[in-house]
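Q: Sequence and predicted model, in that order:
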Amino acid sequence: MESKNLKKVDLIFLDTPYSDIVQILQRSIQKTPDDLILEVIDSGLRGRGGAGFPTGLKWRFAKTEDSAVKYVVCNADEGEPGTFKDREILQTVPYKVLTGMAIAGYAIGAQKGYIYLRGEYNFLLPELLKHIQIFNKTLEELGLNFTIGIKSGSGAYICGEETALFESMEGKRGEPRNKPPYPTQWGFEGKPTVINNVETLVYITMIARLGAEQFRKMGTKASSGSKVFSVSGDTPIAGIYELELGMPLDEFVAEFGDGDTKAVQVGGASGHCVPRKLFKDTIIGFEGIPTGGSMMVFNSTRSMYNVLHDYLEFFCEESCGQCTPCRVGCQQLLKGIEAVKRGERKPEYLDDLKKLAATMKIASKCGLGQSVANPFNSIIDNFREEIIY
């Protein structure tokens, strides 16, 4: 089966001379902050980190806050299993990320921006610091009162959650805060903060270059634009690909599968496991299953029990332990499937575990505990026989 509808795009990694970057900045700061924000809203751009909050609205909320100090933070804590596209973006087109940050800073009235870099990506620091030094000099020459710095993380998965990230930036233990207040009200150092994913900020630069209308022509009405996907697993062409949003999963499998694909984990460990029978009816986008970019392909040789077991071990390890539903829930889900597999619990016990996962989705403090139900339920519902036998 050949893919007929899959639309590959080349915006993110398209070579853009630094002189063009400077021109994009110059054109952007000639507009009013309100006009810039409206353009981002009109583009339909939603956060590319997975949550999908409208980027322009986030900027508008931060701009309207009455504070002399505001911040822009680039979330480069790429900790979701199966995701590796932000690393490539920072290595290949760092100036597009920095430009997106500068445009955001001008739009909301911030004077300082930070890249929060995943601890395992510290090998990128020497080159990134060189690029930032050059870019900050350009901002000064353009008369834009905005500078960018870097803060390194320590490799904790939980610090991908925006408020835990702020705690880490402030030198504290990475634990999620209560919401409200939201980051646009009370973010880094208690000041209004816009936090965007690496990829989101690159698309800001592309929207500034192409215009909202051109960007909106890609994708679908509910999912405008394109998305960078990290493709791994049982695929002959693993790697990083930019594709238009709104694609059917069966088209994705036709392009990237090995001819024996039985499931695709969309969105990393915290995402949904889609079985073969649902490929045709599943849309990758905000009208279907949104994703931060991870697409893990599994063929018939893979045990979905082992896949789920690995995910649950990961969540047990990475839970910050702050709230009981996540701390205890992850452990009990793991122990539960192990007991069923050993025959110590009847298969019906899986339904009790699903109720626990549903409770975690409601009662957990942050996205880690809230998202565990996604892989758990989708694997239990579609591959129950592999858990039982």
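A: Arrived safely. Numbering: from 1, shown residues only.

Q: got the contact list for the helix or strand harbouring Leu334?
A: Using DSSP states H and E, Leu334 maps to helix 324-342. Outside helix 324-342, the residues that touch it by C-beta atoms under 8 Å, 6 or more residues apart in numbering are 305, 308-309, 312-313, 315-316, 319-321, 345-347, 349-350, 352-353, 356-357, 359-360, 363-366, 368-369, 372, 376, 387-388. C-beta here means a position set from N, CA and C on the backbone, and glycine is covered the same way.

Q: just how off-centre is that helix within its chain?
A: Centroid displacement of helix 324-342 relative to its chain, using C-alpha atoms, centre = their mean, to the nearest Å, is 26 Å.

Q: Of all the residues in it, which ones are buried?
A: The neighbour-count check on helix 324-342 (16 or more other C-beta atoms under 10 Å) flags 325-326, 329-330, 332-334, 336-337, 340 as buried.

Q: One more: stretch 307-321?
A: 307-309, 311-312, 314-316, 318-320.

Q: would CSV of these with distance to Phe53 be doable?
A: Shown next, in CSV, are the buried residues of stretch 307-321 (distance: C-beta to C-beta, whole Å):
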residue, distance to Phe53
Val307, 29
Leu308, 29
His309, 32
Tyr311, 25
Leu312, 28
Phe314, 25
Phe315, 23
Cys316, 28
Glu318, 23
Ser319, 24
Cys320, 22
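
Q: quick one: which of these sit in helices?
A: 307-309, 311-312, 314-316, 318 (DSSP state H).

Q: Go through the buried residues of helix 324-342 and name the one nearest Asp42.
A: Distance to Asp42 across those (C-beta to C-beta) is lowest for Cys326, with 37.9 Å.

Q: Out of the contacts of helix 324-342, which end up buried?
A: If we count by 16+ other C-beta under 10 Å, those have these buried: 305, 308-309, 312, 315-316, 319-320, 345, 350, 353, 356-357, 360, 364-366, 368-369, 372, 376, 387.

Q: you'd agree Arg118 is up against Glu78?
A: Yes. Using C-beta atoms under 8 Å, Arg118 is in contact with Glu78, at 5.5 Å.

Q: higher neighbour count, the two?
A: Glu78 (26 against 23; other C-beta atoms under 10 Å).

Q: any idea how far the spatially closest residue to the more buried one that is not a sequence neighbour is from Gln322?
A: Excluding the flanking residues, the one nearest Glu78 by C-beta to C-beta, 6 or more residues apart in numbering is Asp86, at 4.2 Å. Distance, Asp86 to Gln322, by C-beta to C-beta, to the nearest Å: 26 Å.

Q: Would you state the strands of this protein in chain order?
A: According to DSSP state E, the chain carries its strands in the segments 71-76, 112-117, 147-152, 193-197, 226-233, 239-244, 247-248, 261-266, 272-275, 283-284, 294-299.

Q: could these go into TSV alongside mean neighbour count and distance to Thr220?
A: Compiled in TSV, the strands of the chain are given as follows (neighbours: other C-beta atoms under 10 Å; distance: least, C-beta to C-beta, whole Å):
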stretch	mean neighbour count	distance to Thr220
strand 71-76	26	25
strand 112-117	23	31
strand 147-152	17	33
strand 193-197	27	20
strand 226-233	23	11
strand 239-244	19	8
strand 247-248	22	9
strand 261-266	26	16
strand 272-275	22	18
strand 283-284	22	8
strand 294-299	23	18
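
Q: okay, those in a markdown table with distance to Thr184 next?
A: Output for these, formatted as a markdown table (distance: least, C-beta to C-beta, whole Å):
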| stretch | distance to Thr184 |
| --- | --- |
| strand 71-76 | 11 |
| strand 112-117 | 15 |
| strand 147-152 | 19 |
| strand 193-197 | 7 |
| strand 226-233 | 24 |
| strand 239-244 | 28 |
| strand 247-248 | 31 |
| strand 261-266 | 28 |
| strand 272-275 | 28 |
| strand 283-284 | 28 |
| strand 294-299 | 27 |
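
Q: of those, which approaches Thr16 most closely?
A: Among the strands of the chain, the nearest to Thr16 by C-beta to C-beta is strand 239-244 (14.3 Å).

Q: ok, now which ones touch the residue nearest to the spatial centre of the chain?
A: Centre of the chain computed as the mean C-alpha position; nearest residue by C-alpha atoms, centre = their mean is Gly49, 1.9 Å away. Gly49 makes contacts with 75, 160, 196-197, 199-200, 292, as judged by C-beta under 8 Å, 6+ apart.

Q: same question, His309
A: Residues in contact with His309 (C-beta under 8 Å, 6+ apart) are 334, 337-338.

Q: Closest one of the residues you listed to Gly233?
A: Proximity to Gly233 was ranked across these by C-beta to C-beta; first place goes to Ile337, at 21.0 Å.

Q: just to revisit the earlier point, between the buried residues of stretch 307-321, which sits nearest Lys112?
A: For these, the closest approach to Lys112 (C-beta to C-beta) belongs to Cys320, at 27.0 Å.
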